[in-house]
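Q: sharing a model that was predicted from the sequence below.
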Amino acid sequence: MSNDTQRSARSGRGLVRTVASGLLRIFADLLAISLWVLFLTLLFLETGWPRWAFYALLVVGVGGYVTVTAAWTGDGD
Amino acid sequence: MVIDPVSVHRRVGGTGRTATEHLQRGMLEVSTERLVRRLGTLRDRVETGMDRREFLRTVVSGGFAVGMAQWLGVDDFLAADDGEVPVVTALVRDDPDDPWSVRERTRLVPAEWYAAVEKAFELNDLLARTAFTGYLGSAVVPGDYESGTATVSVGLSSDGHSLTEMLGEVAAGIDIDAETIIDVEEIQDGPESREPTFVDAAIDGGVPSGVACETPSSMATLGPALYDPDSRQRFFVTADHAFGEEHDAADDALLLPRAGDDPVELGTVVRYHPVEDVAAVEPNGWLEPTSRIAAPSQPRVRGQFTKFGLADLVARDEELEKVGALSGHTTGKIQGIDAVTCFTDDFCRHGQIRWGGEMDLTDGDSGSVSYHRDPDGEDGDVLVAGFNNARTWWPGQSYVWGVGAYRLTENHGYHF
């Protein structure tokens, strides 16, 4: 807490920017993952594949997404 | 997720236990140790591969993904058993001559298939309610009974909106903006009868469906009698859009042109339903609406299909028929049910049926109904699937669409 206060006192604009970009990234994540879940649901509805495959693909997809986007943001920074 | 190995060990490693307890505790200890070791290696890997923030992101995103999958109810269809469940497939009259003796008809279908189709209906509804930018419509295409699957076909505009592109990329394998869902029928009863079919001058009281009728602004096809169980009325029906954009209240008469005679007035419109595209006309002359269709075999309408009745037809690969005043009698496969179309107007139309091909309908056929033989009825009995109101005019898709009879019943209580 005291850390945050110090930091915001030091550079309020920087904090706002950090929070804004963080929120934006969270929303982008949620949107992408929602689309991934929806896509998998529609795909499994169409194909009738087993449940374990659904959850496996779900987790693999999320892991892959985070790894890939982490590399991007790493480059960006 | 914080587990302190020391406290875990302290908790399980007590004294004064029986042998069995010791054994159990020992096993627990082993498994706990393994868990701790696994978490440790995971953390190591995390520390080398991704930083703690990325690890946290993966956990949160994974949790959100699983949570959303649960919320969408994927287990409902992924874990459905192999049994059979009864579904209502049709509303059928007990006594063909008594339109008020309607009874539900049920049929046993595989539970797996039912779960998939029901979930597809829910997802389709969810998509329509979300109505994200670029969404043009969607439809449910049930698979056959053996497969136990269903497809949701989504139409997206190609305006180049980022979300559209994203969904298009993500869902490239699915029927997004499907080019072909089912093979489109070749043109059948071709353009040999492009002259409208007029009813005979000598009509004996009842007017069948499939003949031409005239509104103040255009020509359309007359549907079979529509019944309202609340007011115990029977109506002539045709497409609402045949009366034009501006409805002149209380002055919209529906005329019946006759072959070799003057047209007669059937009645005036008492109820407009622009969203369903249906206009109910109260008879005010000596002519009554009938539950007959002006096809060569003179089918008798005995009732209508429910949403699952239509799904059952798709699963069994059955066809629909129609009789239009201009294009005559045509048949075609069902391409999608419970469809949502937002192509026209500034609202979306729900509960639509997509079937046949765009050559099955021309201007002037609006108001005709699509129907299918009643599998349990007498010879010549048919059940209505829905109205035919429009067709595709854009490339890539080819079907006739109109509101399903079940949708009219759900929203307004009418039945055929």
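A: Okay, I see it. Residues are numbered from 1 along each chain as shown, chains lettered A, B, ... in the order given.

Q: report the central residue of chain B.
A: residue B:338 (1.1 Å; CA atoms, centre = their mean).

Q: check contacts around that one.
A: B:121, B:124, B:139-140, B:307, B:310, B:350-352, B:404 (CB atoms under 8 Å, 6 or more residues apart in numbering or on different chains). Where you see a C-beta, it was placed from the backbone N, CA and C, and this is true even at glycine.

Q: looking at those, which are in strands?
A: In this view, the contacts of residue B:338 that belong to strands under DSSP state E are B:139-140, B:350-352.

Q: these two touch, right, residue B:237 and residue B:366?
A: No. Using CB atoms under 8 Å, residue B:237 is not in contact with residue B:366, being 11.1 Å away.

Q: roughly how far does the residue most central in space within chain A sit from residue A:57?
A: Nearest to the centroid of the C-alpha atoms of chain A, with distances taken as CA atoms, centre = their mean, sits residue A:29, at 2.9 Å. For residue A:29, the distance to residue A:57 (CB to CB, to the nearest Å) stands at 18 Å.

Q: and if you look at residue B:400?
A: Counting by CB to CB, the gap from residue B:400 to residue A:57 is 37 Å.

Q: of these two, who's got more company?
A: residue B:400 (30 against 16; other CB atoms under 10 Å in any protein chain shown).

Q: hey, what's the more buried one bridged with?
A: residue B:355, residue B:391 (DSSP bridges).

Q: can you check residue B:320 too?
A: If you apply DSSP bridges, the partners that residue B:320 bridges to are residue B:332.

Q: helix or strand right after the helix or strand of chain A with the lowest mean pLDDT?
A: The weakest-scoring helix or strand in chain A, judged by mean pLDDT, DSSP states H and E, is helix A:2-10 (a mean of 49). Following helix A:2-10 in sequence order, the next helix or strand is helix A:12-47 (DSSP states H and E).

Q: list the buried residues for the next helix or strand along the chain from that following helix?
A: Sequence order places helix A:51-76 as the next helix or strand after helix A:12-47, per DSSP H and E. The neighbour-count criterion (16 or more other CB atoms under 10 Å in any protein chain shown) identifies A:54-55, A:57-58, A:61-62, A:65-66, A:69-70 as the buried residues of helix A:51-76.

Q: out of those residues, who's nearest residue B:100?
A: Using CB to CB, residue A:54 is the member of the buried residues of helix A:51-76 that lies nearest residue B:100, at 47.5 Å.

Q: and that closest one, what does it touch?
A: By CB under 8 Å, 6+ apart, the neighbours of residue A:54 are A:40, A:44, B:69, B:74, B:78.

Q: and if you look at residue B:100?
A: Residue B:100 sits in contact with B:227, B:229, B:232, where contact means CB under 8 Å, 6+ apart.

Q: in strands only, show me those residues.
A: residue B:227.

Q: can you flag the buried ones in the contacts of residue B:100?
A: Neighbour counting with 16+ other CB under 10 Å marks residue B:227 as buried within the contacts of residue B:100.

Q: check the contacts of residue B:100 against chain A, which are close?
A: Among those, proximity to chain A is found for none (CB under 8 Å from any CB of the partner chain).
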